[in-house]
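K.L.:
coords please:
(chains A and B)
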Amino acid sequence: MRPSSLGTAAAVVVLAATTFVAARPVGPVPALGPLLDPAHGIWGAVTTAELPTQASASVSGMSSTTRVIYDDRSVPHIFASNANDAYRALGYVVARDRLFQLEVQGRAGAGTLTELVGARALPVDRATRASGMPRSAEQRLAKVDTSRAAWKLMQSYVDGVNAYVGELSPAQYPIEYKLLGRAPSLMRIVDILHLLNRMGSTLATTSDELTHLEASARVGRAAADALFPVHAPIVEPIQPNGEGMPRFDSVIIPGPGAPDTKAVTMLGAMGRQGPSSLVAFAPTRSDDAIGSNNWAVGPSRSASGKALLAGDPHLELTLPSIWYEVHIVIADSLDVYGVTIPGAPGVVIGFTKAVAWTFTNTGGDVMDFYVETVDNASAPTKYVLDGTPKPLEIRMEQYKDASGKVVGVDTLRFTHRGPMKKVGTQWISTRWTVLESMRVLEGFEAAARAKTSDEMLDGMAKMYESPAQNMLTADTSGTIAIRSTGRYPIRPGDTRGDWLRDGSLSSSDWVGNWPVSDYPQAFRPAQGFLASANQEPFDPKVQPKYFGADWERPWRAMRINSLLRADSAVTPDAMRRYQSDPGSARADLFVPALVAAATKSAGDAKVARAASLLLEWDRRYTTDNKRAVLFEEMMRQLSLKLWDEFQTDSTRNPIPNDMMTAVLLRDSTSAWWDDRRTPAVESRDALIAQVMASALDSVTASRGDPALDGWRWDKVRHANILHLTQLPAFSRLEIPVQGGNATLWPSTGNGRHGPSWRMVVEMSTPRRAWAIYPGGQSGNPLSTHYDDRIDKWSHGVLDTLRIPGSETDLPSAQKRATLVLSPARGR
Amino acid sequence: MKPLRFLLLIVLLSAGTMFLGWWAVPVIAAVYALLRRDVTAPREALLAVLIAWLLLLARVSQFSAFATLLDRLGKVFPMPGMGVFILTLVLGMALAWSAARVVTGITATKQG
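P.N.:
So this is what the prediction gives:
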């Protein structure tokens, strides 16, 4: 029988079509051949989901065999004979569990995400490069002293990563690469600097200048100054002031004034999108859910008589988590346990046998903007400094996709201060400590080798520059200490950094840095405990100088200080409970005030009903409470009506925070209480009554009767932990949380920020520690250790950490796998 | 269809996929059709690749993560995880059948 010609023609079409879709990506769909290949494609990903119980590998440059024991929590314990081998092993094990994340984070800081995911990442890459971060990383790399130990450790780490990448077959690529149709890239040392820059942009982007400018353009400079103050009017500082309670400073808030004409002119020149575009690379902040808490208790106030430390940094929640837990032991010289960031060699937060440490973000002002005068407004080549034209550094930036095709081109300009950007018709340059930090990693290495809190903080102060952190420590001698460490610029003139400066004058430039002795700090405080929650670190009566203006609201600081003051025999379990404490200093202040105002509106049944419902609430954001939803709606509507002067069509509306609302509560007739959009002139009580009735209507309309489960907090607030690719399939969404706006477990906005690593350490001998993070050690979405910690995390539970001093210390029941790394042959 | 020859084809398709990748399937199917010179070659290639890829998938299905993978794929693609599984087999069969069928058609034309 002869085959028909028609059948052959059809076969040609089928062959052409299947070969095409098998070999080439079509739109967002990768080439189906390598993707669905049953040996190498996505199906092969299951073979690497779990680490083998026994494995070995050769690593170039390793001087002796290094053993890595994984415990039953999948934490690698690295036993090495020297630091370079330990860092090679660290790079290897991090790549083994988190390779895709490692590459994404490096590329995010380098502005080369398009090379991994295509042109869809172009806006992000453009913003990153325009920030000057990639240029700064390259310049710092060129200046690095390669004879320094820190450089060698970085090189060892990169060698370890690349040893793992080099031994991978396509079948073993992480599933994300398979879905993208890409292969892993080798790591470079500069990627470490890109990652650190990225962290800096998350934690040290301050744009107080823009907030002030926009506020002044709406309500005048006097009101703007009062509503966005340099010093917080509710004082509960990090550096204890000896008052033993929060202090409410009396503040006069002038009513809304006429727009400041200079600010209006400047904003007009910058255009509607201008201010936002200046800080476009900054993360979207959702109130204080990207803040952090830490606290320590000295021997005099702990039940065991040992110092206790709790760390609780709040960051963007992702899968895999930003943190990777690791334990590094080098015989007789180093024994450090804690979390590292994939791509950053070293333990960032953790403890040794002698010292434990953790951080919260300081938020000091380390970023300034300068209005520049240029030779050609459309394509400048020079800028004016003290009347003299100076050449701009000009960089051509190309953005490529995975095939090498150029998908975008930019021309970037730099003054001696940093990147210069056209904002509307203005050219504005930025100076930022993040772009000038040289020795961040050396600080962490010094921390891991410190024997006392003082030694640790002094070592950090010598080397660590950015992003500035409230570094809290506790040691085995019982010392607890905190220092807000970083590089803080001194500005000329009034020293304020919250106004745009004239870039045409060199006298606008920074004139030095704060000496360490002036940093916020406290060692062995008389009160027996220390706490920080991103609040203003100084009491302005003690230190009135300008340090910044972007302080978090004081509510978390007030709550943790209140809990610690009330407990004179703190246990590790109490420290754990405090980390997910549902109490709220904010609700404690506002609920009585709202109810009191409602009482004055007697006769309105709806207001009375709203007040009565509010009084049923214990002011705790537990998952089963049914009243927090009403309070939050009241606060939302109160902000909208109270600060109506700021509601414009601008992309950045500078809304005063609820600390200023609390201050204003004391002035019942302030002009701010009037909602100017209504013909009536509202007083404080009238506006609050309006808001209470309206909020009750709103919540009832959306969630039904107040008795129904629709009002439960776990139906309202959730944590959403997205995978780095944003794929819902690899994400964990709508996780109920015991927390809300300004609680110690803050949860606001889209639920994508929150507690990223909870740790409690008791500085006993042997040390004891407990911790958790929302995710799992493995970055492989198919692994049982991908998200296995999330349920415990969501219930406020901490794992007991295994801290073996040697390989034999870990009971076999707690051993999960062994990896032996040997020197590569030929060396 | 001789069992031994068919078995050899299955082994070749499995090994080709294992060691070379998906693109070995149309190549092996085409070569098979060229040597076989029979109108049954495309059907045999189709059936052989179905068995070969099922065997390869059976190997990975032994891993405990396989069920998780099916679940995740069902959320990544606009079809259930089993749909992606079937799509994989359909892709292999389409490649093998069409390559063999094209060669069979061409050789028949030359012979005629």
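
K.L.:
Tell me, please, where in chain B the pLDDT is lower than the cut-off.
P.N.:
B:1, B:111-112 (pLDDT under 70).

K.L.:
And the residue nearest the centre of it?
P.N.:
Centrality entry for chain B: nearest residue to the mean C-alpha point is residue B:49, 2.7 Å, by C-alpha atoms, centre = their mean.

K.L.:
Now do the same contact list for the residue of chain B found nearest chain A.
P.N.:
Minimum separation of chain B from chain A (C-beta to the nearest C-beta) falls at residue B:105, amounting to 2.8 Å. C-beta coordinates here come from the backbone N, C-alpha and C atoms, glycine included. Applying C-beta atoms under 8 Å, 6 or more residues apart in numbering or on different chains to residue B:105 gives the contacts A:3, A:5, A:7, A:8, A:11.

K.L.:
on that earlier part again, which secondary structure elements does the helix or strand where the residue nearest to the centre of chain B lies contact?
P.N.:
Assigned by DSSP states H and E, residue B:49 belongs to helix B:41-61. With contacts taken as 3 or more C-beta pairs under 8 Å, 6 or more residues apart in numbering or on different chains; DSSP states H and E, helix B:41-61 sits against helix B:3-19, helix B:24-36, helix B:81-111.

K.L.:
Next SSE downstream of it?
P.N.:
helix B:65-76.

K.L.:
Quick check: of the contacts of residue B:105, which has the highest neighbour count?
P.N.:
Most neighbours among the contacts of residue B:105, by other C-beta atoms under 10 Å in any protein chain shown: residue A:11, with 23 neighbours.

K.L.:
Can you verify that residue is assigned to a helix?
P.N.:
Yes. Checked against DSSP: H, G, I helix; E, B strand; the rest coil, residue A:11 lies within a helix.

K.L.:
Now it: closest residue in space, sequence neighbours ignored.
P.N.:
residue B:101 (3.5 Å; C-beta to C-beta, 6 or more residues apart in numbering or on different chains).

K.L.:
any idea how far residue B:42 is from the one you found?
P.N.:
Counting by C-beta to C-beta, to the nearest Å, the gap between residue B:101 and residue B:42 amounts to 4 Å.

K.L.:
Which residues are in contact with each of those two?
P.N.:
Common neighbours of residue B:101 and residue B:42, using C-beta under 8 Å, 6+ apart, are A:11, B:33.

K.L.:
do you know how far residue A:685 is from chain B?
P.N.:
51 Å (C-beta to the nearest C-beta, to the nearest Å).

K.L.:
what's the pLDDT at that residue?
P.N.:
Note for residue A:685: predicted pLDDT of 93.

K.L.:
And what about it, helix, strand or coil?
P.N.:
helix.

K.L.:
State whether it and residue A:597 are indeed in contact, as I suppose.
P.N.:
Yes. Using C-beta atoms under 8 Å as the test, residue A:685 is close enough to residue A:597 to be in contact (4.3 Å).

K.L.:
ok, and what's touching stretch A:386-399?
P.N.:
For stretch A:386-399, contacts defined as C-beta under 8 Å, 6+ apart pick out A:111-112, A:114, A:119, A:122, A:125-126, A:129, A:135, A:374-375, A:380-384, A:406-416, A:420, A:504-506.

K.L.:
in chain A, what spans have low per-residue confidence?
P.N.:
Looking at chain A by pLDDT under 70, you get A:1, A:272-276, A:280-290, A:602, A:649-652, A:826-827.

K.L.:
in what helix or strand does the residue sitting nearest the centre point of it lie?
P.N.:
Nearest to the geometric centre of chain A sits residue A:315, at 3.5 Å (C-alpha atoms, centre = their mean). Applying DSSP H and E as the criterion places residue A:315 in strand A:308-316.

K.L.:
Which neighbours in the sheet does that strand have, and how are they oriented?
P.N.:
strand A:292-297 (antiparallel), strand A:753-755 (antiparallel), strand A:758-762 (antiparallel) (DSSP bridges).

K.L.:
How far does the second one sit from its chain's centre?
P.N.:
It stands for strand A:753-755. Strand A:753-755 sits 8 Å away from the centroid of its parent chain (C-alpha atoms, centre = their mean, to the nearest Å).

K.L.:
give me every residue that touches residue A:769.
P.N.:
Contact analysis of residue A:769 by C-beta under 8 Å, 6+ apart lists A:337, A:351, A:356, A:759, A:760, A:761, A:762, A:800, A:801, A:803.

K.L.:
What subset of the residues you listed is buried?
P.N.:
Neighbour counting over those (16 or more other C-beta atoms under 10 Å in any protein chain shown) leaves A:337, A:351, A:356, A:759, A:760, A:761, A:762, A:801, A:803 as the buried ones.

K.L.:
The nearest residue to the first one once chain neighbours are set aside and chain B: what is the separation?
P.N.:
If I follow you right, that is residue A:337. Residue nearest to residue A:337 in three dimensions, not counting chain neighbours: residue A:327, with 4.4 Å by C-beta to C-beta, 6+ apart. Using C-beta to the nearest C-beta, residue A:327 is found at 26 Å from chain B.

K.L.:
what do you get for residue A:816?
P.N.:
Counting by C-beta to the nearest C-beta - residue A:816 and chain B are separated by 15 Å.

K.L.:
what's the answer for residue A:657, then?
P.N.:
For residue A:657 relative to chain B (C-beta to the nearest C-beta), the value is 38 Å.

K.L.:
Then residue A:516?
P.N.:
For residue A:516, the distance to chain B equals 50 Å [C-beta to the nearest C-beta].

K.L.:
what do you get for residue A:36?
P.N.:
4 Å.

K.L.:
Next up, the contacts around that residue.
P.N.:
Contacts of residue A:36 (C-beta under 8 Å, 6+ apart): A:42, A:43, B:22, B:84, B:87, B:88, B:91.

K.L.:
circling back to that earlier point, what two of the contacts of residue A:769 are the furthest from one another?
P.N.:
A:356 and A:800 (15.6 Å; C-beta to C-beta).

K.L.:
give me the element residue A:147 is part of.
P.N.:
Short version: residue A:147 belongs to no helix or strand, going by DSSP H and E.

K.L.:
For whichever residue of the stretch 51-200 of chain A sits closest to chain B, what are phi and psi?
P.N.:
At 6.9 Å from chain B, residue A:179 is the closest residue in the stretch 51-200 of chain A, using C-beta to the nearest C-beta. Main-chain torsions, residue A:179, degrees, to the nearest 10: phi -70, psi -30.

K.L.:
And for it, the neighbour number?
P.N.:
22.

K.L.:
wait, doesn't it sit right on residue A:42?
P.N.:
Yes. Proximity of residue A:179 to residue A:42 meets the contact threshold set by C-beta under 8 Å, at 7.1 Å.

K.L.:
Please enumerate the shared neighbours of these two.
P.N.:
residue A:35.

K.L.:
quick revisit: for the residue nearest to the centre of chain B, give me its contacts.
P.N.:
B:13, B:25, B:29, B:92, B:93, B:95, B:96.

K.L.:
give me every residue that touches the residue nearest to the fifth one when sequence neighbours are not counted.
P.N.:
Right, the one you point to is residue B:93. Spatially, and ignoring its direct neighbours in sequence, residue B:93 is nearest to residue B:46 (4.9 Å; C-beta to C-beta, 6+ apart). With contact set as C-beta under 8 Å, 6+ apart, residue B:46 has these partners: B:93, B:96, B:97, B:100.
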